[in-house]
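**Q** sequence and predicted model, in that order:
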Amino acid sequence: MKYKGETVVLAYSGGLDTSVAVAWLRETHGFEVVTATGDLGRVKDLDVIQKKALKSGAKKAIVQDVRAIFVEYFVWPALQAGALYEERYPLATALGRPLLAKLLVDAAREEGARYVAHGCTGKGNDQVRFDLAVGALAPELTVIAPMRGGMNMTRDEEIDYAKARGIPVPVSKKSPYSVDMNLWGRSVEAGVLEDAWGAPPRDVYEWTVDPDEAPEKAREIVITFREGIPVALDGKDLDGVTLIEQLNKLAGKHGVGRIDQIENRLVGIKSREIYEAPAAVVLHLAHRELESLVLSKEALRFKSKVASEYADLVYNGLWFSAHHQDLAAYVRNTQRFVSGEVRIRLHRGTAVTVGRRSEHSLYSVALATYGKGDAFDHKAAEGFIGVFGLPLRNQARTQALWGEDNAALLQVPKQVASRSGPRKK
Ligand code: ARG
């Protein structure tokens, strides 16, 4: 056995795959297995998971509640950045992986292990995120991925393998989907969802009600931000974990937060994903809304480019990169004025902004008003337009862009000219 006496730290979820992997790593490779489990929200019971890891043959099972760290160091920075992959996916799974990888690396160092392992398959993004994060934090470690090669068991084989070793086998029926979840969202794929034309069956959704069955009456909520971080819901100060949990429930009850997306995986395939992310959807909406009030036009435009770059790097597993540090520094600096409140109306699957305010607001009624107290200098507009339009007039004189010959280029109908004369009676 190649690894006899070596220790490997395995990212352990408590599910069948990773439980079998504990035994398999021991028996086939001779590893001593230490498991590491992090609760990013939605892990049912860490004690149960710990016992199960030991039953599966781990010599030690580390479990940690890292929800607050997840929110403060991963979720909030991504929210501040406006990071939505391909404009929609709030990146719940993608944000969780680097933190789980960090737990693996920390545990490996404590245990003096030279190997870490995870249960990701060879087709998804998650393997890339684990491998890259471990490589960036601890290039001296070697990553083992039994599901990517070696273990090769069908589900029935895994069940037999587990039963033969006294490893608890799930009693509930297996979900027909592949699901990953944490505080920031639920990711569902595979099964009948692979038919991109088929509407997702009811049983896909667990956090959100069908908008048809959501309350008839809308609910208005107020979210308070301090420097780009949500700090209160309806005027009540809440820690990040609680705020996200409450908002998941509240918005989910109104059918808000469903995303059905064809996305481009890093490994080159398109996949159909269903996400449920009620809190993330509402918070991204509210945050963007507040930014539109306090950031300049240039800052908003530039920041939206950074947002898509940031989302890509998170999705692609480059969390622990210098590029991320640099973008995060920019994002953080932009948030110094992003304090204030946003009013959102939740109703039957929709979340719509109905109000926003901030002490740093750049919106000025005196400048915007068409009513009394208008402070905008209408006369000055003439001079402004004269200069702004100078290049166009100059071009018109020298290049005759819109003459007869060129009009067809931009499909301006010739008749426009003849029609624009005085109307015939
Ligand atoms: N497609 C999403 C992502 O790459 C979700 C992956 C979900 N993982 C899973 N094991 N179901 O981030």
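**A** Thanks, I have the structure now.

**Q** pull the CA atoms of the helix or strand hosting residue 379 into CSV?
**A** For residue 379, the host element (DSSP states H and E) is helix 378-388. What follows is helix 378-388, C-alpha atoms only, in CSV (Å, rounded to 0.1, in the frame of the first residue of the first chain):
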residue,chain,number,x,y,z
HIS,A,378,-31.2,75.6,-18.1
LYS,A,379,-29.4,78.4,-20.0
ALA,A,380,-26.1,76.7,-19.4
ALA,A,381,-27.3,73.6,-21.2
GLU,A,382,-27.1,75.5,-24.5
GLY,A,383,-23.4,76.1,-24.1
PHE,A,384,-22.8,72.6,-22.9
ILE,A,385,-24.6,71.1,-25.9
GLY,A,386,-22.8,73.4,-28.2
VAL,A,387,-19.4,72.0,-27.1
PHE,A,388,-20.6,68.4,-26.7
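
**Q** for residue 116, what are its contacts?
**A** Residues in contact with residue 116 (Cβ atoms under 8 Å, 6 or more residues apart in numbering) are 8, 9, 10, 11, 104, 105, 108, 134, 141, 142, 143, 144. Quick note: C-beta positions are derived from backbone N, CA and C, even for glycine.

**Q** same thing but 6 Å
**A** By Cβ atoms under 6 Å, 6 or more residues apart in numbering, the contact set of residue 116 is 9, 104, 108, 134, 141, 143.

**Q** now intersect those residues with the helices, please.
**A** 104, 108, 134 (DSSP state H).

**Q** tell me the phi and psi of the spatially closest residue to residue 64 that is not a sequence neighbour?
**A** Closest residue in space to residue 64, ignoring its immediate chain neighbours: residue 38 at 5.2 Å, by Cβ to Cβ, 6 or more residues apart in numbering. Reported as degrees, to the nearest 10, the phi and psi values for residue 38 are phi -120, psi 130.

**Q** surely residue 38 touches residue 68?
**A** No. Counting by Cβ atoms under 6 Å, residue 38 does not reach residue 68; the two are 11.7 Å apart.

**Q** the two: which is more packed in?
**A** residue 38 (25 against 11; other Cβ atoms under 10 Å).

**Q** please tell me how far that one sits from residue 103.
**A** 5 Å (Cβ to Cβ, to the nearest Å).

**Q** same check, this time on residue 269
**A** Distance from residue 269 to residue 103, by Cβ to Cβ: 29 Å.

**Q** of those two, which one has the most company?
**A** residue 103 (20 against 10).

**Q** what does the chain have sitting close to the ligand?
**A** Proximity of the chain to the ligand, by Cβ under 6 Å from any ligand atom, involves residues 93, 94, 125, 126, 178, 179, 180, 187, 189, 273.

**Q** which ones among these map onto helices?
**A** Using DSSP H, those in helices are 93, 94, 126.

**Q** burial of residue 112, as a residue count?
**A** Neighbour tally, residue 112, other Cβ under 10 Å: 7.

**Q** brain fart, residue 8
**A** For residue 8, using other Cβ under 10 Å, the count is 27.

**Q** quick one: the strands in the stretch 101-250 of the chain, in order.
**A** For the stretch 101-250 of the chain, strands defined by DSSP state E, counting those that start in this stretch occupy the ranges 115-117, 142-144, 178-182, 185-189, 219-226, 229-233, 236-237.

**Q** now these as JSON lines including mean pLDDT?
**A** What follows is those, written out as JSON lines (pLDDT from 0 to 100):
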{"stretch": "strand 115-117", "mean pLDDT": "97"}
{"stretch": "strand 142-144", "mean pLDDT": "96"}
{"stretch": "strand 178-182", "mean pLDDT": "93"}
{"stretch": "strand 185-189", "mean pLDDT": "96"}
{"stretch": "strand 219-226", "mean pLDDT": "98"}
{"stretch": "strand 229-233", "mean pLDDT": "98"}
{"stretch": "strand 236-237", "mean pLDDT": "98"}
